[in-house]
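Enquirer: Give me a model of this one.
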Amino acid sequence: IVALYLATHGSFFVVGDLMKSEQLLMYKEEQNAIVELARDFTNRWMTSVAMLDDQVFIGTEDNCNMFTLKRNILSLEQQNRRTLEVVGKFHLGEFVNRFRKGSLVMQLPETKGNIRLRHLFGTVNGVIGVVASLSQTQYRFLRSLESALERVVKGVGGFSHKEYRSCLKPRSNNLEENLNFIDGDLVEKFLSLGRGDMEKVAILMNKSVEYILRQVEVAASVH
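Expert: I've put the predicted structure just below:
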């Protein structure tokens, strides 16, 4: 409909549309032409886009949701290869209007392991956030920590964290659960818990309090 946002990675680029989500294109120098490779066929009113690499892309839309898309380059079906697959979704609760590749820290200590900073984002309320990539091991640990914290830490007003971070499905009133995102705000709440609640979380995870503290401090130090 109307192309509002553009992000590039080499000869690939992603366009964020006013109403038609994201579209992946490529510049072919030998033909001096731009060709469409794939797109997200869901109607989304985009507010920002970014490319993590030439296979995975991140975007935000007007329901204050953040989501990631991935190319289906290994599929044998042409239609699947032309469709960007949703591989992550998360209700941020903020209206993001800009992504920028970078970091809020000057140098990452070696203790950060496989946490890789990718992009910063800014919102209309003045919030600055960080999107970082995790290894599978780190993701599984932090997801387990989230689940334990949800059972120990009660949400404000009785709202569950799981429900709050669920995404409103585009152009409907249905909720979809958070997928493949870790809520850094919730994870870092472990650092402010009393010793008793820390031990409850540790028991649920079958880990020591000290081990969990070290892992959370590493995750928190990326910003």
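Enquirer: hey, let's count contacts and neighbours off CA atoms from now on
Expert: Fine.
Enquirer: Below-threshold pLDDT in this protein: ranges please.
Expert: The model of the chain has pLDDT under 70 over residues 106-115, 117, 171, 223.
Enquirer: change it to 80
Expert: Segments of the chain classed as low confidence (criterion: pLDDT under 80) are 1, 104-117, 155-159, 169-173, 222-223.
Enquirer: all helices for it, in order.
Expert: Using DSSP state H, the helices of the chain run over residues 78-81, 136-152, 161-164, 184-188, 195-205, 209-220.
Enquirer: Which of the residues in the second one are classified as buried?
Expert: When neighbours are counted by 16 or more other Cα atoms under 10 Å, the buried residues of helix 136-152 are found to be 138-139, 142-143, 145-150.
Enquirer: so can I have a markdown table of those residues showing distance to residue 97?
Expert: Converted to a markdown table, the buried residues of helix 136-152 look like this (distance: Cα to Cα, whole Å):
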| residue | distance to residue 97 |
| --- | --- |
| 138 | 29 |
| 139 | 27 |
| 142 | 27 |
| 143 | 27 |
| 145 | 30 |
| 146 | 27 |
| 147 | 30 |
| 148 | 32 |
| 149 | 30 |
| 150 | 29 |
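Enquirer: Looking at these, which is nearest residue 24?
Expert: Here the nearest of these to residue 24, counting by Cα to Cα, is residue 139; it sits at 27.2 Å.
Enquirer: so what's the closest one closest to, chain neighbours aside?
Expert: Residue nearest to residue 139 in three dimensions, not counting chain neighbours: residue 182, with 7.5 Å by Cα to Cα, 6 or more residues apart in numbering.
Enquirer: Turn the helices of the chain into a markdown table, including distance to residue 125.
Expert: Listed next are those as a markdown table, based on distance: least, Cα to Cα, whole Å:
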| stretch | distance to residue 125 |
| --- | --- |
| helix 78-81 | 37 |
| helix 136-152 | 26 |
| helix 161-164 | 19 |
| helix 184-188 | 17 |
| helix 195-205 | 32 |
| helix 209-220 | 22 |
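Enquirer: Which among these is found nearest to residue 45?
Expert: Nearest of the helices of the chain to residue 45, taken as Cα to Cα: helix 161-164 at 20.6 Å.
Enquirer: so how far is residue 212 from residue 156?
Expert: From residue 156 over to residue 212 the distance is 24 Å, taken as Cα to Cα, to the nearest Å.
Enquirer: cool, and residue 120?
Expert: On the measure of Cα to Cα, residue 120 and residue 212 end up 26 Å apart.
Enquirer: Kindly check the end-to-end length of stretch 123-135 for me.
Expert: Using Cα to Cα, one end of stretch 123-135 lies 27 Å from the other.
Enquirer: Would you mark the buried spots in that stretch?
Expert: 123, 129-132, 134.
Enquirer: From these, which land in strands?
Expert: The strands, defined by DSSP state E, take in 123, 129-132 from these.
Enquirer: correct me, but residue 94 touches residue 62?
Expert: No: here residue 94 lies out of contact with residue 62, judged by Cα atoms under 8 Å, at a distance of 9.2 Å.
Enquirer: And for stretch 176-195, what's in contact with it?
Expert: Outside stretch 176-195, the residues within contact range by Cα atoms under 8 Å, 6 or more residues apart in numbering are 87-91, 139, 142-143, 145-146, 149, 162-163, 165-169, 198, 213, 216-217, 220.
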